[in-house]
Every structure is written in C-alpha cells, then in structure tokens.
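Student: Build me a model:
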Amino acid sequence: MREVRVRFAPSPTGPLHIGGVRTALYNYLFARRHGGKMILRIEDTDSQRFVPGAEEYIIESLKWCGIEIDEGVGVGGPHAPYRQSERRDIYLKYAKQLVEAGWAYYAFDTPEELEKFRAEAEAAGKTFAYNYEVRTQLPTSLSLPQEEVEARIARGDQWVVRFKMPENEVVKMDDLIRGHVEVNTSTLDDKVLYKSVDALPTYHLANIVDDHLMEVSHVIRGEEWLPSLPLHYLLYRAFGWTDTQPEFAHLPLLLKPTGSGKLSKRDGDKMGFPVFPLFWTSPTGETSRGYREDGYLAGAFINMLSLLGWNPGTEQEIFSMQELIDAFSLDRVSKAGARFQPDKAKWFNAQYMHNLTAEELAPLMQPILKAHGIEVADEVAGKAADIMKERMTLVTDMWDLTSFFFVAPTEYEEKLAKKQWKGENPAMLQELRSVLEGIEDFSKENTEAIVRAWIEAKGFSLGQVMNTLRLALVGAGKGPGMFDVTEFIGKEECIKRIDTILATLKPIE
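Tutor: Here you go, the predicted model:
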C-alpha cells in the first residue's frame, strides 16, 4: 500500500485564516490516522503579494495548534527545499517539457492585444476566454513560425507558457468528498503555467510538479480549488504521471455566522471575534486579533475547528487531539459549507477551562499575575484559578475572577455596600473578627464549622454574615464560597481586610 503523504501549502500573503488552519488540521489528522507524513510547503511564487513575517506567522500558528510537521520548511527532509521560490530552477524544465510534448505553448501577446479581443467579445455579447478559439489568432507558438518564436525568446521578449486545453473532451474525476465529477474541456480556458517576467511558475504548474516530486499521496485542500481540478488531472496525464497521481479531497467553505458567504476578517471585526489563530501586526502596522491572545486554549480552538465541516457520527463533542486522530475520516466531511458560530467557540473553550487541573492552570495564571506585579508559587497560582475555573470562559477572564485572592479591595461595590454596611452589620463584623482571630486551624472546613456555630448561637442569618464578610474580603458581590476565600488568603489577611473596612467605610444610615 502506498505511504500516505499529505501537504499543507499556504502562500505567505498575510496571517493564516482559520479556514487555512482547518485545512492544515484535516491534513494532519488524516496523515496521523493512516501512519503517514505531514509536509509543510510554502508556496511563495507570487512575489507581488508576498508579505514579510507571514511565513513565520504560519509556522508559529501551526506549532501553537499542535499540528506537527514531519517534513518541510523549518524541519527539512529528503525533498528539500520546501519553499517554492528556492525551487524556481526546477519548474522551467517541466514547462518546456509540456511545450515539446504539445501540451502547452508559448504566448507573446501583450495586455493591449488581449484587451482588443475582450472588447470584441463583449461587443458580440460574449464572455472572453483565452481558449482554442483565440490561441491561434494571437502571437503564440501555435500561430508563429518556429524561427520567430526562437528569435522572440532569444531577444528577451516577455512570454508565458499556457496549457493547451483539449477541445470538447470530457474529463472524468473523482473527489473523496464530492464523488465523481465530469467537466467538458470546451468550457475551460488555457491557464498560464509559467511567466518569463519573474521566471516563476503559477500555482497550477508548481503544485503539480512539487506534489509529484514530494510523492504526495492525497491533496486535501479548500473547495475554491475545485474548478482547477480538471486542469490538474490533465497536467498529470500530460506529464505521464497518472499512475502516481494523488487522490483529491476538496473541503467545504467556512461560512459567516449568518450562513451566507465565506467567513472573512471583516465579519470578525464587525461581530467582535478573531478569524486568525494568533495576533497579527502587518508591515504597515495594521493589527488583527488572534484566538491565542483573546484567551482561547489551543486544544479548544482545534476541537471547535475540527467539527466545522466534519461529523464524527456520534454525540461526542469534546475531543483530545489523539481522539480526533482516531476518529477522523474524509468520508464524514460535509460537502456543504460550515457556519462559524462565535458563541460555540466560547462554549468549547469554557469546557476546556473547566476540565483543567490546578497544575495545568498554573502556567496560564502565572503570566497574568506577573503582569500585575504578583509573585507567588505555582501551587498558589493554580489553586486560585482552580477555585474559580467553573466560572471561566477564556484565559483572559482569570484576573477579574481571581484578583481578590491577591489584592485587598481598596473600594467597595456601591450596591452591596448599601445593602450590607448598615444597621448592626458593622458591629457584627467586628465581633466576627474576634472569632476568626481565635481560630488556630484556619482550614476551610474548620473555619466554616466554628463560624456557623457562632452564627447559630448569636441568632444571625447566614446570608447576613456571609454577604457582609464578602464585602470586607472581596469588595464586591462576586467570588466563591467565603470559606474558600478565608482559607486562601489566611487569617492575617482576613483580619487586615476586616480592619480596613471598619476603619474606612462609614456605615450607611
């Protein structure tokens, strides 16, 4: 059986869209499921659209997502180099091979000549296509004498190599997601394969040549490439590579939350969610939000993405990466576009946050504490987060939900103060201070037992005491059970916070 070898081949034209991350993920899951290899190839042949920093962003994004690369840029491998700009000498040979075999031709036409043909087609009510009807009417190697073709090339005239699309032939293709597809070649145009102006191939030639040389077994890519499939099938035939031609799978689009149209950065900006895995700053200073910086966990992000277009066939929604690998199959990938739901992304992250242990929470919590000038042991940081994790949705929620563990209140929530800091409550808190001061074992369980006994003996209501104590220790009507707080901050800090409110907040009449 042929070894499974897949490739993720992005262009470094900007930050990696989450649709691109999903393509990389499906390739990775498929490769791992079948014991194969994952290749990262950077397709940087479009020098006009190249964006500095984009390649590094792509690599960092895949690393954060846990998508491991076996061969490719940053890793190396037997088919290096893996940047197409470093493989430019390879492609001209293959372009010439197609010309010599009669599958392609040189075209010397200028933009002005093409514009004339377009205008004539429009005047006749037709749509212009560069195909079998016009290729012999323009200056090409199909219409010019061989000597003139050679002379034009020798004197440095600009030219392109175009594929010579057969006339009126049905191309029969199979897609692992969409099934059998047939297209008549008379509906297709003669695509450019190579350009002399920058001595670089177009996507169509470069990806076919590289996939063949890198022994790619399966091409799993977005559905926007489906219209190019007939050309790619024909290129494999033209080169005589049909025996080793990869199998193709075209993934559905990621759709806007409204369900209409492809998900874009504009949708994220308008509705307040990121469409890129990591924060991005463009060379011109424009910034875009990222899931990592917005407080999402990589595992939750990947879990969410995996289910946008793929159905495991069960009710299970929460998957580890290994569980995704074990369950993934292309025959359960949908043909229809998948609607992105920002609230569902948050739901996934909340589930992951709730399932983290104190030890796993500590490294997420520590940078946040350090940013606020707080230095504590990992055990302390993890414990604070663990107490409050059930209320967390994003990593960025951590400080708001736990700050009172580390910083005493300097002001008090007006609504709670109006309700609690009146009548006998300040005196009651003064008396509770004495009770707390006398407790030796300040564990949660022991403190709760002693305070509850005191409340019962004094005839106070539990809510009255706890809410007044919450005002003193937390400063607001939030936080966990009060004995979680007392145990965490300790007796000395409890007494100190009670003394502060008694000294600074005037009872409300």
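
Student: drop to CA atoms for contacts and neighbour counts, all remaining ones
Tutor: Will do.

Student: Can you pull out the low-pLDDT segments for the chain?
Tutor: Where the chain drops to pLDDT under 70, the residues are 509.

Student: can we see that at 80?
Tutor: 1, 47, 508-509 (pLDDT under 80).

Student: quick one, domains of it?
Tutor: Structural domains annotated on the chain: 85-251, 356-406, 408-509, as defined by automatic domain parsing.

Student: For A298, which of those is the nearest?
Tutor: Among the domains of the chain, the nearest to A298 by C-alpha to C-alpha is domain 356-406 (11.2 Å).

Student: Relative to the whole chain's centre, how far out is that closest one?
Tutor: 25 Å (C-alpha atoms, centre = their mean, to the nearest Å).

Student: was I right about A381 contacting M365?
Tutor: Yes: using C-alpha atoms under 8 Å, A381 and M365 qualify as a contacting pair, with a distance of 6.1 Å.

Student: Where do the strands of the stretch 1-150 of the chain begin and end?
Tutor: Using DSSP state E, counting those that start in this stretch, the strands found in the stretch 1-150 of the chain span residues 5-8, 37-40, 71-72, 104-107.

Student: Return the most buried member of the ones you listed.
Tutor: Most buried of those, by mean neighbour count (mean count of other C-alpha atoms under 10 Å): strand 5-8, with a mean of 26.

Student: quick one: contacts of it?
Tutor: 23-24, 27-28, 31, 36-41, 215-220 (C-alpha atoms under 8 Å, 6 or more residues apart in numbering).

Student: one more time with 7 Å
Tutor: When contacts are defined by C-alpha atoms under 7 Å, 6 or more residues apart in numbering, strand 5-8 is touched by residues 24, 27, 31, 36-41, 215-219.

Student: same question, stretch 48-57
Tutor: With C-alpha under 7 Å, 6+ apart, stretch 48-57 has contacts from P12, T13, G14, P15, D44, P283.

Student: Give the burial count for P78, as a bare number.
Tutor: 9 (other C-alpha atoms under 10 Å).

Student: Distance check, the closest residue to D441 other than its chain neighbours against W454.
Tutor: Of all residues not flanking D441 in the chain, T447 sits nearest, at 7.3 Å (C-alpha to C-alpha, 6 or more residues apart in numbering). Shown here: T447 relative to W454, a distance of 11 Å by C-alpha to C-alpha, to the nearest Å.

Student: And the contacts of stretch 48-57, which is closest to D294?
Tutor: P15 (15.9 Å).

Student: For that closest one, which residues are in contact?
Tutor: A54, Y57, F276, W280.

Student: Which ones among those residues map onto helices?
Tutor: Mapping the contacts of P15 onto helices (DSSP state H) picks out A54, Y57.

Student: From the contacts of P15, list the buried ones, please.
Tutor: Neighbour counting by 16 or more other C-alpha atoms under 10 Å classes A54, Y57, F276, W280 among the contacts of P15 as buried.

Student: Most widely separated two among those residues?
Tutor: A54 and F276 (12.2 Å).

Student: can you list the buried ones among the contacts of P15 in TSV and add distance to F239?
Tutor: Output for those, formatted as TSV (distance: C-alpha to C-alpha, whole Å):
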residue	distance to F239
A54	33
Y57	35
F276	38
W280	41
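
Student: Give me the contact list for the top helix by length along the chain.
Tutor: Counting by DSSP H, the longest helix found in the chain is helix 482-504. For helix 482-504, the surrounding residues in contact (C-alpha under 7 Å, 6+ apart) are 405, 408, 426, 433, 437, 442-444, 448, 466, 470, 472-473.

Student: Swap in 8 Å and give it another go.
Tutor: Residues from elsewhere that reach helix 482-504 (C-alpha under 8 Å, 6+ apart): 384, 387, 405-406, 408-409, 426, 429-430, 433, 436-437, 442-445, 447-448, 466, 469-470, 472-473.

Student: Pick out the most distant pair among the contacts of stretch 48-57.
Tutor: Using C-alpha to C-alpha, these span at most 17.2 Å, a distance reached by D44 and P283.

Student: Neighbour count: those two, which is higher?
Tutor: A direct count of neighbours by other C-alpha under 10 Å for D44 and P283 places D44 higher, at 22 against 12.

Student: which residues of the stretch 301-450 of the chain fall in helices?
Tutor: Counting by DSSP state H, counting those that start in this stretch, the stretch 301-450 of the chain has helices at residues 321-327, 342-355, 358-371, 378-388, 398-406, 414-420, 425-437, 444-458.

Student: for the third one, packing partners?
Tutor: Pointing back at helix 358-371 there. Where contact means 3 or more C-alpha pairs under 8 Å, 6 or more residues apart in numbering; DSSP states H and E, helix 358-371 is packed against helix 378-388, helix 398-406.

Student: which parts of that helix are buried?
Tutor: Applying 16+ other C-alpha under 10 Å to helix 358-371 flags A358, E359, L361, A362, L364, M365, Q366, I368, L369 as buried.

Student: what angle do it and helix 398-406 make?
Tutor: 80 degrees (axes from the mean of the first three to the mean of the last three C-alpha atoms, to 10 degrees).

Student: Can you tell me what sits against helix 358-371?
Tutor: Helix 358-371 is contacted from outside by E375, D378, E379, A381, G382, K383, A385, D386, V395, M398, W399, using C-alpha under 8 Å, 6+ apart.

Student: Then the second one?
Tutor: In this structure, residues lying in contact with helix 342-355 by C-alpha under 8 Å, 6+ apart are 257, 273, 296-297, 299-301, 303-304, 318, 389-395.

Student: which of these count as buried?
Tutor: Buried among the contacts of helix 342-355 by 16+ other C-alpha under 10 Å: 257, 273, 296-297, 299-301, 303-304, 318, 389, 391-395.

Student: how near is the nearest residue to E445 once chain neighbours are set aside to Y412?
Tutor: In space, and not counting its chain neighbours, E445 is closest to F483: 7.7 Å by C-alpha to C-alpha, 6+ apart. Between F483 and Y412 the distance, using C-alpha to C-alpha, works out to 20 Å.

Student: got it, and P15?
Tutor: Taking C-alpha to C-alpha, one finds P15 at 44 Å from Y412.

Student: and if you look at K96?
Tutor: Distance of K96 to Y412, computed by C-alpha to C-alpha: 78 Å.

Student: same thing with N27?
Tutor: Using C-alpha to C-alpha, N27 is found at 53 Å from Y412.

Student: These two: which has the busier surroundings?
Tutor: N27 (25 against 18).

Student: in the stretch 151-300 of the chain, which spans are strands?
Tutor: Taking DSSP E, counting those that start in this stretch as the criterion, the stretch 151-300 of the chain carries its strands at 160-163, 170-175, 179-184, 192-195, 200-201, 218-222, 247-251, 254-255, 280-281, 287-288.

Student: just to revisit the earlier point, and for the residue nearest to E445, the neighbour number?
Tutor: The tally of other residues near F483 (other C-alpha under 10 Å) stands at 19.

Student: Ok, E247 next?
Tutor: 14.

Student: same question, the one 5 residues further on
Tutor: P252 has 23 neighbours, counted by other C-alpha under 10 Å.

Student: show me what contacts it?
Tutor: P252 sits next to G222, E223, G309, S334, K335, A336, G337, A338 when contact means C-alpha under 8 Å, 6+ apart.
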